[in-house]
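Q: What would the 3D arrangement of this be:
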Amino acid sequence: MAEKSDKNNIHSGHRKRVKAKVAEYGYYHLEDHRLLELLLFYSIPQADTNEIAHNLINEFGSLQDVFKADVSRLCRVKGVGENTAILIGAIGETLKRTSKKAVDKRRSLKSSDSLMEMVASGFKGETKEKVMLFCLDGAHRLKKSVVVCEGTQNESFIDVRRAVQAAMDCDAVSAFIAHNHPESTCEPSASDVDSTRALCVMFRKLGFSLIDHIIVGSDGGTYSMRSDPMFTQMFY
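A: All right, here's what the predicted structure looks like:
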């Protein structure tokens, strides 16, 4: 019992020294594993979090990839419990959201270049395919963006009914869709083309238009279906 208390005192003293150093010098002097060690103080009350931090970085390859990992994979690392895995996952999601470029809703999104620029960073870190609908007003300014469907690592489908309903709910004049390919280039699949064509037809019947389909590849490349001569007429 005394041995456990002594060990806890050792960890307690170390943690106080780390926190004092951060208070005095800030975070920038900390190496990646030290920064992760500090974070783990708040989910692991009594343990050598330095060792656990090393375990995590060794398992995933980098601090950045630790924060991209699924909760289930995190839990398989020695020393990581559910609370810690959920904390790391929540921080990863926070980093992903705050790293996205803020969109100026007064900006007119008319060109395919402006659409690609807007969505390029929005799928960063995604491990599954996700389809988003971006609703625009009469001046091509963003009114709302919604996730209309999510799939697996390799495929997703566009839920046409859900996309149409989302556009109607926010009284959109036009809209465009965007989705990611987490494990391939931004080249559209046959399914991407077919579902886009179906959505264009449905939008047109209801009096508003789909102006583009943007695809973001795993390498960060972007593709505009409207800009491809093979599919330009689909959007008019």
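
Q: Every contact and neighbour count from this point should use C-alpha atoms.
A: OK.

Q: And the helices in the chain, which stretches?
A: 2-25, 32-40, 49-60, 63-66, 71-74, 82-99, 112-119, 160-169, 190-205 (DSSP state H).

Q: in the chain, which segments are predicted with low confidence?
A: 1-12, 98-108, 152-157 (pLDDT under 70).

Q: Could you list the domains of it?
A: 2-99, 112-235 (automatic domain parsing).

Q: quick one: which of the helices of the chain is nearest residue 222?
A: helix 112-119 (6.4 Å; CA to CA).

Q: Can you pull the phi/psi pair for residue 70?
A: Main-chain dihedrals, residue 70, degrees, to the nearest 10: phi -70, psi 150.

Q: just to revisit the earlier point, which of the helices of the chain sits closest to residue 221?
A: Of all those, helix 112-119 comes closest under CA to CA, at 9.5 Å.

Q: neighbouring contacts of the closest one?
A: 101, 103, 109, 178, 212, 214, 222, 223, 224, 226, 227 (CA atoms under 8 Å, 6 or more residues apart in numbering).

Q: For PyMOL, write the selection for the buried entries among those residues.
A: Buried members of the contacts of helix 112-119, defined by 16 or more other CA atoms under 10 Å, are picked up in PyMOL with:
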select buried, resi 109+178+212+214+222+223+224+226+227
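
Q: Filter the contacts of helix 112-119 down to the ones in strands?
A: Judged by DSSP state E, these include 178, 212, 214, 222, 223, 224 as members of strands.
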